[in-house]
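Peer 1: sequence first, then the predicted structure:
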Number of protein chains: 2
Amino acid sequence: MTNIQEIARLAGVSTTTVSRVINQHPYVNETKRKEILKIIERLDYVPNSSAKSLKKGMTRIIGVLTGIYTNLSTSFIQAFNASAQKYGFNVMLFITNGDRQQELVALEMLRSKQLDALVCLFRTNEWDVIESYAKYGPIVTWQRLVSDMIPSVFMDQYQGYMLGLEYLYTKGYRRIANVFSSKGLNTPERIRAFNDFAFKYQLKADEFPDFHDKFTIFDGEEVARWWMKQTNRPDAIACSNDNVAAGLLTELRRSGFSTPDDIGILGFDNTDLAHLLDLTTIHYPANKQAENAVYIILDMLGQHVSEVHVLEFELIERKSTKSS
Amino acid sequence: MTNIQEIARLAGVSTTTVSRVINQHPYVNETKRKEILKIIERLDYVPNSSAKSLKKGMTRIIGVLTGIYTNLSTSFIQAFNASAQKYGFNVMLFITNGDRQQELVALEMLRSKQLDALVCLFRTNEWDVIESYAKYGPIVTWQRLVSDMIPSVFMDQYQGYMLGLEYLYTKGYRRIANVFSSKGLNTPERIRAFNDFAFKYQLKADEFPDFHDKFTIFDGEEVARWWMKQTNRPDAIACSNDNVAAGLLTELRRSGFSTPDDIGILGFDNTDLAHLLDLTTIHYPANKQAENAVYIILDMLGQHVSEVHVLEFELIERKSTKSS
DNA sequence: TTGTAAGCGTTATCAT
DNA sequence: ATGATAACGCTTACAA
């Protein structure tokens, strides 16, 4: 195993000088620097990262904990990864499939200093279990959580949903049905938004039954079939996400209906699918949330790099709602 | 930071004794052992893993490199993870999305000893790039590859596909159409299998056009629409995977056709979807491949734990083909 | 059964 | 501008 000492010996200098060259410190004679670099190249030398970690007290690895790997978490994780790399950190991904033990593996790695920090996208263990690990290193979550120990980059769905509803109202829609998911705590906030919205504009909040637990393309197709059977049809449907909106749109199309002529459809998340099908949807800045997570972690690790982004939903206007 | 020295000091023993207790070595006085464990508990002490890694020369982390996170890779990765954990290794997952740089990040971590080994499920860089890293630690692949440096746990698709075709023949199907994917090198092997099959039973190999690049549910639906339009219909369709088979089956159902009465459908991979829809399919022992990968890696790391499994495809008989 | 001390490969402090 | 030398926290001969 070739190490820094060997490089030093071959170059006829001390390990200090070699270390200086490697870490780009100033005050190294240019000739020596070149010579040392040449030897490093020749011996194909790389600093041993365990030794570095031990000395520095950090591994520069951040763990990301998620239950499943979905479209939504994908964009977060990719952005997080990119941002972390930018600051010299690598990401260790844990896909737990809801297994508590797997989650504990990650938490224990934080405890034993194999991880410098942890981002918790989804969790299976109770929050107090997770919180009890916060003393070992920064833990940041993507979920709604109010905690002194664990900061969150969560975004309140109330605002996002309200943004969509207000938009539909502007476009003349008055008979709006809701399709809710039920994963997590988003649904109650969306329901609250819809109730406030209906009250504000004096609309009947219970004109149509709410759908629940709908989040797949197939679910959207089911909603389409429901819609076609109605005599008293909604003029717009606000969907839990783009998948549902996509299923709804395509199934209606198969039966000869078209958007936005026959119905307005609103998606959520602004995924590739929404782009593909020209769905009006609500953009969820997962990438900025991810960057915020990195900023917060680095801040907690004592190296401030940037203020956090202000997070805002954005309405993406496409072809599944009226343009007038 | 509480370390082994502090424990030793508090217990009035040497660090050696503490280390012995931690690592469950024999020859430690039972009373002292108890006492030391109590102190460890009280101070919430955990050995620093960077120090351990440095001393032992290994991190006990294995990297898994994949392009995307699909149903197929999921079962491999889960099984790999479980098996690795069993032998005290953790898994660091790299989802590259086809980004070469990301792949190099993982390879470089192997080089700098942050990873003890690497499993390559998919790769974007050229094989010789990947091979050039094999000298830094064990690299095992899931893809077809003949290399001195990089062992493979690949399974030849020829056998699997032939198994399915022979089964269809047994069940009386004679007019079989193929739907191929084109990811990787599997398709040519499957084509070869079909040609050999057709020759063996004197069937027309080109009676129906081959489908290519079909691997999604939507693709399956497309095949269904093609099938319905034909006057001279195949009596069975061998699909590239369960997704295609599922799309085919459900789309036909929507139009009033049923399996196996109107057509036989054969899936591939034996995913959850196949189970859900009662698809006859071919089981691909990804979990055993994963375990083999672990065995091979540990072997290369100098600790033999088990002989590799013999890998065999298995036909899972369900309701999408005739039972007679 | 226990302890001493060397060493894993770095980086950082302090001289020079 | 460069070099001794002491950490970082652990394991492991070797001694006792």
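Peer 2: Alright, I've got the coordinates.
Peer 1: make it CA atoms for all contacts and neighbour counts henceforth
Peer 2: Fine.
Peer 1: if I've got this straight, A:Cys281 is in a strand?
Peer 2: To be clear, residue A:281 is Thr; Cys isn't right here. Yes: assessed by DSSP: H, G, I helix; E, B strand; the rest coil, A:Thr281 belongs to a strand.
Peer 1: check which helices and strands the lowest-mean-pLDDT helix or strand in chain A is in contact with.
Peer 2: Lowest on mean pLDDT, DSSP states H and E among the helices and strands of chain A sits helix A:272-277, with a mean of 86. Under the contact definition 3 or more CA pairs under 8 Å, 6 or more residues apart in numbering or on different chains; DSSP states H and E, helix A:272-277 sits against helix A:242-254.
Peer 1: okay, buried residues for the helix it packs on please.
Peer 2: By neighbour count on 16 or more other CA atoms under 10 Å in any protein chain shown, the buried set for helix A:242-254 is A:242-252.
Peer 1: show me what it packs onto, helices and strands only.
Peer 2: For helix A:242-254, the elements it packs on are helix A:217-229, strand A:264-266, helix A:272-277, judged by 3+ CA pairs under 8 Å, 6+ apart.
Peer 1: the ones you listed into CSV, with extra columns for distance to DNA strand D and mean neighbour count?
Peer 2: As requested, the helices and strands packed on helix A:242-254 are arranged in CSV below (distance: least, CA to the nearest atom of the strand, whole Å; neighbours: other CA atoms under 10 Å in any protein chain shown):
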stretch, distance to DNA strand D, mean neighbour count
helix A:217-229, 51, 18
strand A:264-266, 55, 28
helix A:272-277, 47, 15
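Peer 1: what does the least confident helix or strand of chain A contact?
Peer 2: With CA atoms under 8 Å, 6 or more residues apart in numbering or on different chains as the test, helix A:272-277 has contacts from A:242-243, A:246, A:267, A:280-281.
Peer 1: stretch A:177-186 too?
Peer 2: In contact with stretch A:177-186 (CA under 8 Å, 6+ apart) are residues A:144, A:156-157, A:187, A:208-215, A:234, A:236-240.
Peer 1: among those, which lie within helices?
Peer 2: A:157, A:187 (DSSP state H).
Peer 1: buried ones among the contacts of stretch A:177-186?
Peer 2: Counted by 16+ other CA under 10 Å, the contacts of stretch A:177-186 give A:156-157, A:187, A:211, A:214-215, A:234, A:236-240 as buried.
Peer 1: among the contacts of stretch A:177-186, which ones are in strands?
Peer 2: Counted as lying in strands by DSSP state E, out of those, are A:236-238.
Peer 1: mind putting those residues into CSV with distance to DNA strand D and pLDDT?
Peer 2: Written out in CSV, the entries for the ones in strands among the contacts of stretch A:177-186 read as follows (distance: CA to the nearest atom of the strand, whole Å; pLDDT from 0 to 100):
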residue, distance to DNA strand D, pLDDT
A:Ala236, 61, 98
A:Ile237, 58, 98
A:Ala238, 55, 98
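Peer 1: nearest to DNA strand C among those residues?
Peer 2: DNA strand C lies nearest to A:Ala238 out of the ones in strands among the contacts of stretch A:177-186, by CA to the nearest atom of the strand, at 54.2 Å.
Peer 1: what's across from that closest one in the sheet?
Peer 2: Beta-bridge partners for A:Ala238, by DSSP bridges, are A:Asn178, A:Leu266.
Peer 1: quick one, what contacts it?
Peer 2: By CA under 8 Å, 6+ apart, the neighbours of A:Ala238 are A:164-165, A:176-179, A:265-267.
Peer 1: distance to DNA strand C and pLDDT added to the residues you listed, as a markdown table?
Peer 2: Output for the contacts of A:Ala238, formatted as a markdown table (distance: CA to the nearest atom of the strand, whole Å; pLDDT from 0 to 100):
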| residue | distance to DNA strand C | pLDDT |
| --- | --- | --- |
| A:Gly164 | 51 | 98 |
| A:Leu165 | 54 | 98 |
| A:Ile176 | 60 | 97 |
| A:Ala177 | 60 | 97 |
| A:Asn178 | 56 | 98 |
| A:Val179 | 55 | 97 |
| A:Ile265 | 56 | 98 |
| A:Leu266 | 53 | 98 |
| A:Gly267 | 49 | 98 |
